[in-house]
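[1] pasting the sequence and the predicted model now:
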Amino acid sequence: MESLNEKVHWADVVAGELAKRSDEHVVACGITPSGPIHIGNMREVLTADLVYRALVDAGTKARLIYIADTFDPLRRRYPFLDESYDEHIGKPLSRIPCPCGGHTSYAEHFLEPFLSSLDRLDVHPEVLRAHELYERGVYDDAIIRALQRRDEIAHILEEVSARRLSSEWSPFSVLCPVCGRLNSTRVLGYEGGRVLFACECGEQGEVDIRGGGKLTWRVDWAARWSIFKITCEPFGKDHAAAGGSYDTGVRISREIYGYEPPYPVVYEWIQLRGTPMSSSKGVAVTIEDMLDVVPPEVLRYLIARIRPEKHIEFDPSRSLLQLIDEFEALDTNSRVYQLSRTRHGMSVSIPFRHMVTVVQTAQSERQVLDVLKRSGYAVEDEHEVLALAHNARVWVQRYAPEEFRFTLAPTLPEAAHSLSEEQKRALALLAESMKGPMSAEEIHAEVYAVAERVGIKASKVFQAIYMAFLGRRSGPRAGWFLFSLDRNFVLTRLREASA
């Protein structure tokens, strides 16, 4: 569908296909807030948002909805939970205590930072919480139809997924009013809007279909398509497997609910250094974490640049820096750039790599601004500039490879005493050259010039600079590094090292 060299973005292709079907669309996405919502989950929401934006840009009437599966049960006690959560296994996420005590429920504990991150990514869906939908009766008609046509649904599931269902299987899971679990009940019958049940805890009785339970996942998914008139939905490749949730959903949607299933946009996983991310296994980098490291436009670009069916290798260290370089080099008229932009957008044009150097040489926010101003960058929008500085500082602290980290030595390092005579002479010549105003590029070029004049390799001069200022043989790009420092300090240190 799309590559960075093509003029038509893959989201525009999807929007074009949708336009052939109808002139009004509902794009849906949804995630179960059972654990930290990571950047792997972000692919679903941003894929939906990109399609939604493409529809709107094409002049098509569209809605974007996000359904949080807050009524799903806690499947097991995950590694990040303490033993007290054993007693909550099987209960709806909306009815389990918050792990930190600061939210109304377990579900909200993970939803709140995720929704806040979506706002920063300029994604603004209509947020629907499943437990509220069931309690308000939005699913009532769908539940009644599923119970009435239980045998037909069972036949579809067995035929499509090639698995046998128990004779006790029901499309509706009762929420036991005593133990509060969804996974320990069985349906005994259905009569006039009430469901008869028995629970493993010993309770027997009846519940109202409104709020008294929920449809099983495969039936729930198909039901919501017709309820919300969903016309397009992205989902992971696991649901797209032969006999999987989408295949059964298609049959249930058409044959039980009489609704044409939505246009599917199947996406591949985002892999964290070769390992697929998983909230339940604790292998994850949250969206909130990454927004501490990069501007939101870069995270949007991470998803927008690659077609959904291709997997994304994500490495928050060196690869992330390369991704930022790539984004900074984009043609601002390109479609992928337009779809990556946020409402407010970055108002600064300071290269991230340069900011990585600046935050390690400046000791305060005021010094960051002074260094950048001295470097010729506009710093009028101090909030944006300092936000980028914060990103760079956090990246250095958490993810930067060792060669990108450095500490400016307050006095001449011991390593500088081992410089060769040629290296000392090169530093002395460099100090002479830098007495007058020079740009970062000019300083960098001068390093090569003095190396040639002295008759040594430029790499030896770069080593001498790093040994004089950092006490080691490698460091950031020398011209920009020296330019970011106070010129009198640089001249004094170069002369000291050359003496």
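    Right, received. Where do you want to start? Numbering: from 1, shown residues only.

[2] when you work out contacts or count neighbours from here on, use the C-alpha atoms and nothing else.
    Will do.

[3] name the residues of the helix or strand harbouring Val26 that come out as buried.
    If you go by DSSP states H and E, Val26 is part of strand 24-31. By neighbour count with 16 or more other CA atoms under 10 Å, strand 24-31 contains the buried residues His25, Val26, Val27, Ala28, Cys29, Gly30, Ile31.

[4] now stretch 313-330
    Buried residues in stretch 313-330, counted by 16+ other CA under 10 Å: Glu313, Phe314, Pro316, Leu320, Leu321, Leu323, Ile324, Phe327, Glu328.

[5] give me the contacts around it.
    For stretch 313-330, contacts defined as CA atoms under 8 Å, 6 or more residues apart in numbering pick out 270-274, 298, 301-302, 337, 351-353, 395, 399-401.

[6] for it, what is the distance to the chain centroid?
    Using CA atoms, centre = their mean, to the nearest Å, the mean C-alpha position of stretch 313-330 is found 14 Å from that of the whole chain.

[7] for the record, mean pLDDT for that stretch?
    The pLDDT scores in stretch 313-330 average 91.

[8] which is the next helix or strand following the strand holding Val26?
    Per DSSP H and E, the first helix or strand lying C-terminal to strand 24-31 is helix 39-57.

[9] how about the CA coordinates for that next one, as PDB?
    What follows is helix 39-57, C-alpha atoms only, in PDB (Å, rounded to 0.1, in the frame of the first residue of the first chain):
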ATOM      1  CA  ILE A  39       3.300   1.200  22.300                       C
ATOM      2  CA  GLY A  40       2.400  -2.200  20.700                       C
ATOM      3  CA  ASN A  41      -1.200  -1.400  21.600                       C
ATOM      4  CA  MET A  42      -0.700   2.100  20.300                       C
ATOM      5  CA  ARG A  43      -0.500   0.600  16.700                       C
ATOM      6  CA  GLU A  44      -4.200  -0.300  16.800                       C
ATOM      7  CA  VAL A  45      -5.300   3.100  17.900                       C
ATOM      8  CA  LEU A  46      -3.000   5.100  15.700                       C
ATOM      9  CA  THR A  47      -3.900   2.900  12.700                       C
ATOM     10  CA  ALA A  48      -7.500   3.700  13.300                       C
ATOM     11  CA  ASP A  49      -6.800   7.400  13.700                       C
ATOM     12  CA  LEU A  50      -4.800   7.500  10.500                       C
ATOM     13  CA  VAL A  51      -7.700   6.000   8.600                       C
ATOM     14  CA  TYR A  52     -10.100   8.400  10.300                       C
ATOM     15  CA  ARG A  53      -7.900  11.400   9.400                       C
ATOM     16  CA  ALA A  54      -7.600  10.200   5.800                       C
ATOM     17  CA  LEU A  55     -11.400   9.900   5.600                       C
ATOM     18  CA  VAL A  56     -11.900  13.400   7.000                       C
ATOM     19  CA  ASP A  57      -9.200  14.900   4.800                       C
END
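
[10] got the CA positions of the helix or strand just after it in CSV?
    Sequence-wise, the next helix or strand downstream of helix 39-57 (DSSP H and E) is strand 61-68. The C-alpha trace of strand 61-68 is given here as CSV (Å, rounded to 0.1, in the frame of the first residue of the first chain):
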residue,chain,number,x,y,z
LYS,A,61,-18.2,12.1,7.2
ALA,A,62,-16.5,9.9,9.9
ARG,A,63,-16.5,9.0,13.6
LEU,A,64,-13.6,7.5,15.6
ILE,A,65,-14.6,5.4,18.6
TYR,A,66,-12.5,3.6,21.2
ILE,A,67,-14.2,0.8,23.1
ALA,A,68,-12.4,0.0,26.4
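
[11] other residues contacting strand 61-68?
    23-33, 45, 48-49, 52, 55-56, 124-130.

[12] and that strand with strand 24-31, angle?
    Relative orientation of strand 61-68 versus strand 24-31 (axes from the mean of the first three to the mean of the last three CA atoms, to 10 degrees): 20 degrees.

[13] what lines up beside strand 61-68 in the sheet?
    Taking DSSP bridges as the criterion, strand 61-68 sits next to strand 24-31 (parallel), strand 126-129 (parallel) in its sheet.

[14] beyond the shortest one, next helix or strand please.
    On the C-terminal side of strand 126-129, the nearest following helix or strand under DSSP H and E is helix 130-136.

[15] neighbours of the nearest residue to Gly236 once chain neighbours are set aside, how many?
    Among residues not flanking Gly236 along the chain, Tyr267 sits closest, at 5.1 Å (CA to CA, 6 or more residues apart in numbering). Using other CA atoms under 10 Å, Tyr267 has 21 other residues around it.

[16] also Arg218?
    Neighbours around Arg218, by other CA under 10 Å: 19.

[17] can you tell me what sits against the helix or strand it falls within?
    Element membership for Arg218, per DSSP H and E: helix 217-228. Identification of contacts with helix 217-228 by CA under 8 Å, 6+ apart yields 26, 138-139, 142, 146, 171, 214, 230-231, 245, 248-250, 252-253, 257-259, 261-262.

[18] same thing but 7 Å
    Contacts to helix 217-228, defined as CA atoms under 7 Å, 6 or more residues apart in numbering, come from residues Ala142, Pro171, Ser245, Gly249, Ile252, Ser253, Tyr257, Tyr259, Pro261.

[19] next one: the nearest residue to His88 once chain neighbours are set aside relative to Pro79, how far apart?
    Leaving aside its sequence neighbours, His88 sits nearest to Ile96 (CA to CA, 6+ apart; 6.5 Å). Noted for Ile96: a distance of 17 Å to Pro79, by CA to CA, to the nearest Å.

[20] more neighbours, those two?
    Using other CA under 10 Å, the more surrounded residue of Ile96 and Pro79 is Ile96, with 21 against 11.

[21] so that one makes contact with Glu108?
    No - counting by CA atoms under 7 Å, Ile96 stays clear of Glu108, with 9.9 Å between them.

[22] helix or strand with the lowest mean pLDDT in the chain?
    Ranked by mean pLDDT, DSSP states H and E, the weakest helix or strand in the chain is strand 275-276, scoring a mean of 62.
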